[in-house]
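A.B. asks: Could you look at this predicted model? Sequence included:
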Amino acid sequence: MTTFVLIHGSYQGGWIWQPVATRLRAAGHQVWAPSLDGCAERGGQLRPGITTETQAAEIAQLLFYEDLDDSVLVGTSSGGMVMAKVAEIARERVARLVFADALALQHGEAITDIVNRPASVNTGLALGPSREDAEGRLFADLEPDLRAWAVARYTLHPIGVHTLPVQLERFWTQSWDATVIYCRRAVNPGEAHQRRCTEALGARWHELDTGHYPMLSAADDLARLIQSG
């Protein structure tokens with residue numbers, strides 16, 4: 001049995017991992033898929049000061065309080081940054097990392113340095129696409145029923161995660177057992193960005209012929225790659 005901690009990205013929550021989590025649990029694994037601070041059902045906690053680092057500290061505390069050792073962390077989209085910070089501060093509890101079409105920022109970089117896409121909604125505390133944009137662009141390649149399910153659950157993301165530089169003082173100088181999964185149909189974060197991560201970590205490289213939400217559009221294939229490494 002392996003312990004998997006699935007870390008979602010922007011405009012998402014733990015809900016987005018349901019299809020993959022179901023498959024991993026059916027294979028006998030322990031799976032955690034928490035919603036990050038200020039996201040999804042925790043949107044009522046949205047407030048100033050939520051950053052990549054504070055979200056990562058919370059996941060690191062989850063690993064500690066639940067006694068999760070030899071964990072495989074899986075991050076997607078902006079969750080890749082959170083995953084890297086969790087690994088940095090809780091290294092003794094992490095066995096392997098999986099970047100699933102994930103952002104892998106260097107120390108001092110911000111999402112806006114990599115993804116140049118203006119948010120149509122900005123409340124000062126959170127940002128993201130409008131519901132119409134989420135339906136017509138973000139989740140456009142999903143089957144209609146699945147797209148409607150995802151759009152009903154999407155939420156804005158804490159603004160600091162997108163605008164503040166990440167603090168990864170040690171992560172990129174350490175050695176990790178890592179896998180990068182690139183989704184060919186996704187515009188962001190793009191192949192060049194994920195190749196950079198692969199080269200920096202000496203990671204294994206896999207590709208899926210799907211969009212930026214493989215946990216919904218290619219759950220079987222993603223679950224297989226997550227398990228196999």
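C.D. replies: Yep, that arrived.
A.B. asks: Sheet partners, orientation included, of the biggest strand by length in the chain?
C.D. replies: For the chain, the longest strand by residue count, based on DSSP state E, is strand 94-102. Strand pairing for strand 94-102, using DSSP bridges, gives strand 71-77 (parallel), strand 178-183 (parallel).
A.B. asks: Deepest-packed of those strands, please.
C.D. replies: Mean neighbour count, computed with mean count of other CB atoms under 10 Å, is highest for strand 71-77 among these, reaching a mean of 27. The way it works is simple: take the backbone N, C-alpha and C, and place the C-beta from them, glycine included.
A.B. asks: With just CA atoms, put that strand into CSV.
C.D. replies: These are the backbone C-alpha positions of strand 71-77, laid out as CSV (Å, rounded to 0.1, in the frame of the first residue of the first chain):
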residue,chain,number,x,y,z
SER,A,71,4.3,9.6,0.9
VAL,A,72,3.9,10.2,-2.8
LEU,A,73,3.0,13.8,-3.5
VAL,A,74,1.1,14.6,-6.7
GLY,A,75,0.7,18.2,-7.7
THR,A,76,-1.1,19.7,-10.7
SER,A,77,-1.1,23.2,-12.1
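A.B. asks: avg pLDDT for the next helix or strand after that strand?
C.D. replies: Using DSSP states H and E, the helix or strand that follows strand 71-77 in sequence is helix 79-89. Taken as a whole, helix 79-89 has a mean pLDDT of 98.
A.B. asks: who touches helix 79-89?
C.D. replies: Residues from elsewhere that reach helix 79-89 (CB atoms under 8 Å, 6 or more residues apart in numbering): 5, 7-9, 12, 36, 52-53, 55-57, 59-60, 63, 73-75, 94, 97, 99-100, 102-105, 111, 161, 166-171, 174, 176.
A.B. asks: any idea of the angle it forms with strand 178-183?
C.D. replies: Counting by axes from the mean of the first three to the mean of the last three CA atoms, to 10 degrees, helix 79-89 lies at 180 degrees to strand 178-183.
A.B. asks: Distance from helix 79-89 to the middle of the chain?
C.D. replies: Its chain's C-alpha centre and that of helix 79-89 lie 10 Å apart, by CA atoms, centre = their mean, to the nearest Å.
A.B. asks: How are the helices of this structure distributed by residue range?
C.D. replies: All helices of the chain, identified by DSSP state H, fall at 18-26, 52-65, 79-89, 111-114, 131-133, 144-151, 159-163, 191-201, 214-217, 219-228.
A.B. asks: of all the ones you listed, which lies closest to Arg185?
C.D. replies: When the helices of the chain are compared by CB to CB, helix 214-217 sits nearest Arg185, at 8.8 Å.
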